[in-house]
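Enquirer: What follows is a protein structure lacking sequence information:
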């Protein structure tokens, strides 16, 4: 690898004498960080003349003359250096400068890149953890794993061989081979194009300044990055569904949904329509310890002519280590009998109370009006009624009546918010029929906020790459906090507002700003906090950056 020196500054006589010699350390830098004028013009010279293009400039006797002419042209653009008109190389240097000024500057060539994201992921031992995505601007990356095995699908059934070459964009899942963590390592080789800048890294005692270099030919660099999978101890969740009551077996399909804050989607527990009285159960395995799961009956099997009372809906449980947690939900079905003559019908109002704050709400009132006449009494559900469904039948309504059902008080308080569905429905009641109306209130805590503070420190602060922090709250509210490369030392914060109270938020730094020349030590990389109503939770992550020792400097010619 060969390169040319240049400096750029107020006094060309001084800057041209900046030293470089064996032992001086160099690291790849950006054109902006070089702080030298006309770097784009210098890059064009290197792309069109010696040594990348042999025998250019033409008409000179040997490579020494060509190197000297190219170096003089470079110093013209970087240091305002003008060769003496009596110098034999003067006409050649003028020709180079005139051509380059006419052609214009090049843009900076992109440096090689390789990433594996996220840098850390976790899941229950026994499951495949991921996906980790390999991204590179090289044709491929070579992947290896320590403490686990690699797969190309989430089920962990399609293996990837250790040492395999994968394309950019490949997704990889890891399974444990008996350890609590596994490390995925990706390596790629990329060509550094002509025009990349190398800057003195300050490694030589007593030398504060050294000649800056620009790469005059391509070189191949090897880049290696890694990511970690954490395999957590696990437990299980058992959901039991009991069907009872004199009308058991007449109900429609029942659906129970399980939502856990580990981000894994789990299949619904479905009990087919017409299932007779009895108890059914479904077990969800391999759930990480400490995961919070909410079990909600999203369809209770209610049909026209049947009343259902639900108990145990909306429960929230925490998964224990090496054991199971059981949630019991009971549906009691009763036939609705209308005492009125065939010329009258019934209006059956069913009120469902659900959500993580069910049982903490205020009183609920439902008011029904048919043909302008209020039905009495209102359906009133007392303060603190737990998650359940409550039905009330208004009988003896004249056939053909148009009825409107309105929830006039939804139970919301200063700390509990209500989301109402099915309010202000209007239905027509035929003779001899019972018309159902369903109103559902989902109760959640008033939203709170999360403050994420990032501190950048260390001797190489400000020289890091991009930093990315992922905020995941209950699998429903996901945010990304991105910090630009080269952000200076200090602390920066971002607020995330409107997060439902009770949400458990996991804050993970998925890209720590490490580069081929800068290493990082992270404190607080993965943290969990719980959001309180109208409260502010805080997370603090610190990255301490230091430089990686550089290889020997490139050979300088000219």
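Expert: Yep, that arrived. Fair warning: this is a prediction, and the values are worked out from it, not measured in the lab.
Enquirer: mind giving me the domain split of the chain?
Expert: Taking automatic domain parsing as the criterion, the chain consists of the domains 2-110+194-220, 446-547.
Enquirer: Now do the last one: distance from first to last residue.
Expert: Domain 446-547 stretches 46 Å from its first residue to its last (CA to CA, to the nearest Å).
Enquirer: Give me the distance from that domain to the chain's centre.
Expert: Taking CA atoms, centre = their mean, to the nearest Å, one finds the center of domain 446-547 at 11 Å from the center of the full chain.
Enquirer: so for it, what's the average pLDDT?
Expert: For domain 446-547, mean pLDDT rounds to 90.
Enquirer: Three-state assignment for residue 101, please.
Expert: Following DSSP: H, G, I helix; E, B strand; the rest coil, we place residue 101 in the helix state.
Enquirer: Please work out how many residues are found near it.
Expert: Residues lying near residue 101 (other CB atoms under 10 Å) number 14. C-betas here are computed from N, CA, C, even on glycine.
Enquirer: give the contact list for residue 529.
Expert: Counting by CB atoms under 8 Å, 6 or more residues apart in numbering, residue 529 touches 450, 504-505, 507, 537-539.
Enquirer: What's opposite residue 227 in the beta bridge?
Expert: Note on residue 227: beta-bridge partners by DSSP bridges are residue 184.
Enquirer: ok, which pair from the contacts of residue 529 is furthest apart?
Expert: The largest separation in those, counting by CB to CB, is between 504 and 538 at 15.0 Å.
Enquirer: Between the two, tell me which one has more neighbours.
Expert: Using other CB under 10 Å as the criterion, residue 504 and residue 538 rank with residue 504 on top: 18 against 13.
Enquirer: quick one: the residue lying closest to residue 336 once chain neighbours are set aside and residue 302, what's the gap?
Expert: Counting by CB to CB, 6 or more residues apart in numbering, residue 336 lies nearest to residue 434, which is 4.8 Å off, once chain neighbours are set aside. Distance, residue 434 to residue 302, by CB to CB, to the nearest Å: 11 Å.
Enquirer: Could you say which helix or strand holds the residue positioned nearest the centre of the chain?
Expert: Against the mean C-alpha coordinate of the chain, by CA atoms, centre = their mean, the closest residue is residue 470 at 4.5 Å. Applying DSSP states H and E as the criterion places residue 470 in strand 467-473.
Enquirer: Nearest approach to residue 124 belongs to which of the domains of the chain?
Expert: Across the domains of the chain, the minimum distance to residue 124, taken as CB to CB, is reached by domain 446-547, at 14.7 Å.
Enquirer: Can you give me the neighbour number for residue 155?
Expert: Neighbour count of residue 155, defined by other CB under 10 Å: 9.
Enquirer: looking at this, it is in a strand?
Expert: No. Using three-state DSSP, the assignment for residue 155 is coil, not a strand.
Enquirer: Need phi/psi at it.
Expert: When read as degrees, to the nearest 10, the backbone of residue 155 gives phi -70, psi -10.
Enquirer: what's the burial count for the nearest residue to it once chain neighbours are set aside?
Expert: Distances taken as CB to CB, 6+ apart put residue 128 closest to residue 155, at 6.8 Å, once the chain neighbours are dropped. Taking other CB under 10 Å as the criterion, the count of residues near residue 128 is 21.
Enquirer: and what of residue 289?
Expert: 16.
Enquirer: so who does it touch?
Expert: Contact analysis of residue 289 by CB under 8 Å, 6+ apart lists 232-235, 319-321.
Enquirer: Stretch 289-301: which residues count as buried?
Expert: Neighbour-count burial for stretch 289-301, counted by 16 or more other CB atoms under 10 Å, picks out 289-297, 300-301.
Enquirer: chain center to that stretch, what's the gap?
Expert: How far stretch 289-301 lies from its chain's middle: 24 Å, per CA atoms, centre = their mean.
Enquirer: now stretch 533-548
Expert: Between the centre of stretch 533-548 and the centre of its chain there are 16 Å (CA atoms, centre = their mean).
Enquirer: ok, now stretch 254-265?
Expert: Relative to its parent chain, stretch 254-265 has a centroid offset of 20 Å by CA atoms, centre = their mean.
Enquirer: Straight-line length of it, end to end?
Expert: In stretch 254-265, first residue to last residue: 19 Å (CA to CA).
Enquirer: can you list contacts of it?
Expert: With contact meaning CB under 8 Å, 6+ apart, stretch 254-265 is reached by 123-124, 127, 237, 239, 241, 243, 266, 268-271, 275, 282, 284, 287-288, 291-301, 319, 329, 331, 472, 474-475, 503-504, 506.
Enquirer: change it to 7 Å
Expert: With contact meaning CB atoms under 7 Å, 6 or more residues apart in numbering, stretch 254-265 is reached by 237, 239, 241, 266, 268-271, 284, 287-288, 291-301, 329, 331, 472, 474-475, 504.
Enquirer: One more: stretch 413-420?
Expert: 357, 360-362, 407, 410-412, 439, 441-446, 533.
Enquirer: rerun that using 8 Å as the cut-off
Expert: Here stretch 413-420 has contacts from 355, 357, 360-362, 407, 410-412, 439-447, 501, 533-534, using CB under 8 Å, 6+ apart.
Enquirer: thinking again about what came up before, please identify which of the contacts of residue 529 is nearest to residue 73.
Expert: Closest to residue 73 out of the contacts of residue 529 is residue 507 (52.8 Å), distances taken as CB to CB.
Enquirer: and stretch 397-415, how far from the chain's centre?
Expert: 42 Å.
Enquirer: can you give me the end-to-end distance of that stretch?
Expert: The straight-line separation of the ends of stretch 397-415 (CA to CA) is 39 Å.
Enquirer: Starting from the strand or helix carrying residue 451, tell me which strands it pairs with and how they run.
Expert: Assigned by DSSP H and E, residue 451 belongs to strand 434-457. Next to strand 434-457 in the sheet, as set by DSSP bridges, lie strand 344-354 (parallel), strand 416-421 (antiparallel), strand 490-501 (antiparallel), strand 536-547 (parallel).
Enquirer: three-state assignment of residue 91?
Expert: helix.
Enquirer: And the pLDDT for it?
Expert: At residue 91, pLDDT is 92.
Enquirer: For residue 374, give me its contacts.
Expert: 367-368.
Enquirer: quick one: low-confidence ranges for the chain?
Expert: Along the chain, segments meeting pLDDT under 70 span 1-37, 108-112, 190-221, 337-342, 475-476, 550-558.
Enquirer: Point me to the residue sitting farthest from the middle of it.
Expert: The outermost residue of the chain relative to its centre, with distances by CA atoms, centre = their mean, is residue 86 at 64.3 Å.
Enquirer: can you pull the contacts of residue 266?
Expert: Per CB under 8 Å, 6+ apart, neighbours of residue 266: 258, 260, 284.
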